[in-house]
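*Asks:* pasting the structure only:
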């Protein structure tokens, strides 16, 4: 049950990053995705990784909250394709995790596939550096959590690297757009 | 030293030498400190990619370099320059996901597709060609991916993928790399021949060389991998420094038909005795071992390099001073590697 809630939270966070243009929306999305990914890592028995992802993701979300286009700007006019992308992405990831693949770790498969897919879509579709960098941060965290699917533990190095990328990307100077 | 790092060592050494040469040859209007900082960061990233113990860390290192490269000042905006490398990261991560989960055999084949596509997107090959702005500085342009970071990244990915894919999926990956290689070879040579802008012609010529390297990686024999290594070394310490040396002449729209231009054309065409020739011979030998009609196709495609190389050789203009010395060093080094490639191959554990 906890794994399912964590996976949903991860997808919801990535979806908010896709749907939001303002720094508050992006920060909440990043915090949600990081919390979901950390909970998944915890469920997979990697407590250290969970703490790293939670701490690093939280710090990155704080950095995003402090810089970028003002306001929330969640679902501005013309967001219908983005909304459809989020829902369709979730359905495809759910089908993949629950039906196509077998074995334990269905929640991990769902959250990794949905977060990587949505982050990638955000990077490709956006011109605003703050949105792109937030998606890059999420992509890095999801890439690290994906190592839990491999045989044996990858250790804390991928998680530390991902957290450094997430925080470092948000420290890059970005052009601030005026979003109402 | 890990075997993964050892395999990439010749390309890393070539990249360090190319950076040193670029610093020495750079025109006065370019700040050497800035070039050293940017090139050094790229080189450090390449070392991290080569030394990374797992494919996940390779992907994360590529992501770091992608963000840093996109943040450099250039004609194109940050987001559009980050797109293709980010697509590469997404594709390779999804490929890893497909390769690791339990499920139908089709997932392994999808993983192979993701890896081949991810490498093409990372380097900037067809069908994921990075958009080139001819006025951009070389360090901020896609040339940094196709001629500097890409060779190490592709090698690191393809070395680490062994054992991750099932034998059938590994064979599929090889076949896809050969297919991509042939397409890029034809597209690169023909586009470089037909392109009106010489800077674009240079960029397409990198793609053509990459076609040879991909075919080498796709051949599952030692000669193929050795050929790919030699072609990558010739890209990093042949085509790249010669392109950088030609930038000034390209800007001033100069061209010349002096002996030095013909020598450069010979290096670029991969003719004897230069490094490209050794790579081509090994590639043809490997292809003959695998499936001889492929060697026939490759040999025919290799003829396409000649007109392109003559054109690109002319764009070097009349190099003088430090630039002429730099071009001389490149020609000599390529001749040395072409005549005696064994130390380089031994360094890579071949």
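*Replies:* Cool, the structure landed. From a predicted model like this one, the values you see are computed outputs, not experimental measurements.
*Asks:* spell out which parts of chain B neighbour chain A.
*Replies:* Proximity of chain B to chain A (CB under 8 Å from any CB of the partner chain) is limited to residues B:53-54, B:56-57, B:59-61, B:63-64, B:67, B:71, B:77-80, B:82-83, B:86-87, B:89-90, B:93-94, B:96-97, B:100-104, B:107. Any C-beta I mention is one placed from the backbone N, CA and C, and that applies to glycine too.
*Asks:* can we see that at 7 Å?
*Replies:* Counting by CB under 7 Å from any CB of the partner chain, chain B comes close to chain A at B:54, B:56-57, B:59-60, B:63-64, B:67, B:71, B:77-79, B:82-83, B:86-87, B:89-90, B:93-94, B:96-97, B:100-103.
*Asks:* any of those residues buried? List them.
*Replies:* B:54, B:56-57, B:59-60, B:63-64, B:67, B:71, B:78-79, B:82-83, B:86-87, B:89-90, B:93-94, B:96-97, B:100-101, B:103 (16 or more other CB atoms under 10 Å in any protein chain shown).
*Asks:* in helices only, show me those residues.
*Replies:* Applying DSSP state H to those, the entries found in helices are B:56-57, B:59-60, B:63-64, B:67, B:78-79, B:82-83, B:86-87, B:89-90, B:93-94, B:96-97, B:100.
*Asks:* can you check the pLDDT for residue A:174?
*Replies:* Looking at residue A:174, its pLDDT stands at 58.
*Asks:* oh sorry, the question was meant for residue B:138
*Replies:* For residue B:138, the model assigns a pLDDT of 86.
*Asks:* the residue lying closest to it once chain neighbours are set aside: which element?
*Replies:* Of all residues not flanking residue B:138 in the chain, residue B:244 sits nearest, at 5.8 Å (CB to CB, 6 or more residues apart in numbering or on different chains). Residue B:244 is part of helix B:240-251 when elements are defined by DSSP states H and E.
*Asks:* average pLDDT across that helix?
*Replies:* 90.
*Asks:* packing partners of the helix or strand hosting residue A:7?
*Replies:* Taking DSSP H and E as the definition, one finds residue A:7 inside helix A:2-19. The helices and strands touching helix A:2-19, judged by 3 or more CB pairs under 7 Å, 6 or more residues apart in numbering or on different chains; DSSP states H and E, are helix A:23-43, helix A:80-95, helix A:106-125, helix A:129-145.
*Asks:* tell me what angle it forms with helix A:80-95.
*Replies:* 160 degrees (axes from the mean of the first three to the mean of the last three CA atoms, to 10 degrees).
*Asks:* so which bits of helix A:2-19 are buried?
*Replies:* Buried-residue list, helix A:2-19, by 16+ other CB under 10 Å: A:3, A:6-19.
*Asks:* who's in contact with the closest residue to chain B within chain A?
*Replies:* With CB to the nearest CB, the shortest gap between chain A and chain B falls at residue A:120, namely 3.6 Å. Contact partners of residue A:120, counting by CB atoms under 7 Å, 6 or more residues apart in numbering or on different chains, are A:139, B:86, B:87, B:90.
*Asks:* out of the buried residues of helix A:2-19, which one sits closest to residue B:37?
*Replies:* residue A:17 (31.5 Å; CB to CB).
*Asks:* any idea how far stretch A:53-72 is from the chain center?
*Replies:* In this view, stretch A:53-72 has its centroid 12 Å away from the chain centroid, taken as CA atoms, centre = their mean, to the nearest Å.
*Asks:* related to what we said a few turns ago, got the angle between the following helix or strand past the helix holding residue B:244 and helix B:240-251?
*Replies:* Per DSSP H and E, helix B:240-251 leads on to helix B:259-269 as the next helix or strand towards the C-terminus. Counting by the same axes, to 10 degrees, helix B:259-269 lies at 130 degrees to helix B:240-251.
*Asks:* and helix B:259-269, which residues are buried?
*Replies:* Residues of helix B:259-269 classed as buried: B:260, B:261, B:263, B:264, B:265, B:266, B:267, B:268, B:269 (neighbour count, 16+ other CB under 10 Å).
*Asks:* now residue B:104. Nearest residue, chain neighbours left out?
*Replies:* Counting by CB to CB, 6+ apart, the residue nearest residue B:104 is residue A:100, at 7.1 Å.
*Asks:* burial of that neighbour, as a residue count?
*Replies:* The number of residues packed around residue A:100, counting by other CB atoms under 10 Å in any protein chain shown, is 15.
*Asks:* try the one 3 residues further on
*Replies:* The tally of other residues near residue A:103 (other CB under 10 Å) stands at 10.
*Asks:* ok, now residue B:162?
*Replies:* 8.
*Asks:* what mean pLDDT does stretch B:194-204 get?
*Replies:* Rounded mean pLDDT across stretch B:194-204 is 93.
*Asks:* any low-confidence regions in the stretch 51-200 of chain B?
*Replies:* The model of the stretch 51-200 of chain B has no residue with pLDDT under 70.
*Asks:* looking at it, which residue is nearest chain A?
*Replies:* Closest point on the stretch 51-200 of chain B to chain A, by CB to the nearest CB, is residue B:90, at 3.6 Å.
*Asks:* skip the chain neighbours and tell me the closest residue to that residue.
*Replies:* Nearest residue to residue B:90, sequence neighbours excluded (CB to CB, 6+ apart): residue A:120, at 3.6 Å.
*Asks:* in TSV, list the contacts of residue A:120 along with distance to residue B:335.
*Replies:* Shown next, in TSV, are these (distance: CB to CB, whole Å):
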residue	distance to residue B:335
A:139	44
B:86	39
B:87	38
B:90	41
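*Asks:* and for residue B:302, the neighbour number?
*Replies:* With other CB under 10 Å as criterion, residue B:302 counts 21.
*Asks:* was I right to think the residue nearest to residue B:104 contacts residue B:105?
*Replies:* No: Residue A:100 lies out of contact with residue B:105 (CB atoms under 7 Å); the separation is 12.0 Å.
*Asks:* for the buried residues of helix B:259-269, which one is nearest chain A?
*Replies:* Closest to chain A, out of all of the buried residues of helix B:259-269 and judged by CB to the nearest CB, is residue B:268, at 34.0 Å.
*Asks:* list the contacts of that closest one.
*Replies:* B:205, B:239, B:242, B:309, B:312, B:313 are the contacts of residue B:268 under CB under 7 Å, 6+ apart.
*Asks:* for chain A, what lies in contact range of chain B?
*Replies:* Of all the residues in chain A, those lying near chain B are A:100-103, A:109, A:112-113, A:116, A:120, A:123-124, A:126-127, A:129, A:132, A:136, A:139-140, A:143, A:146-147, A:149-150, A:154, A:157-158, A:161-162, A:165, A:169, A:172, going by CB under 7 Å from any CB.
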